[in-house]
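*Asks:* Fold the following.
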Amino acid sequence: KERSDERHEFFINICDAKHAALRQVLLQHGRDASDWIREFFIHSPDVVVSSPDYFVDLLRRWGQDPCDGGVPPGNYTEEGVIQ
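*Replies:* This is a model prediction of the structure:
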């Protein structure tokens, strides 16, 4: 058995109904983190963001459920890059 096959046996589909409660917790954490970053962190004089509008747009997505019409988890590679 290859190492990558071993990892795949532990994968879950976060969009399955049985993971809805977990997904809501993760989304709330995403919203909270996004709010804090947008309201406080990026306004620090020690923080430089090269494309603030784009960065804020990405942060707002942290509270969107990818299972409700967003980018489904299956579109990410193992490195977390959108295919």
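*Asks:* Any regions of the protein where pLDDT drops low?
*Replies:* Applying pLDDT under 70 to the chain flags residues 1-7, 70-83.
*Asks:* Report the central residue of it.
*Replies:* Trp62 (5.4 Å; CA atoms, centre = their mean).
*Asks:* How about the secondary structure of that one?
*Replies:* helix (DSSP: H, G, I helix; E, B strand; the rest coil).
*Asks:* and the closest residue to it other than its chain neighbours, what helix or strand is that in?
*Replies:* Among residues not flanking Trp62 along the chain, Gly30 sits closest, at 3.6 Å (CB to CB, 6 or more residues apart in numbering). Where you see a C-beta, it was placed from the backbone N, CA and C, and this is true even at glycine. Per DSSP states H and E: Gly30 is located in helix 20-39.
*Asks:* quick one: contacts for Leu26?
*Replies:* Ile14 (CB atoms under 8 Å, 6 or more residues apart in numbering).
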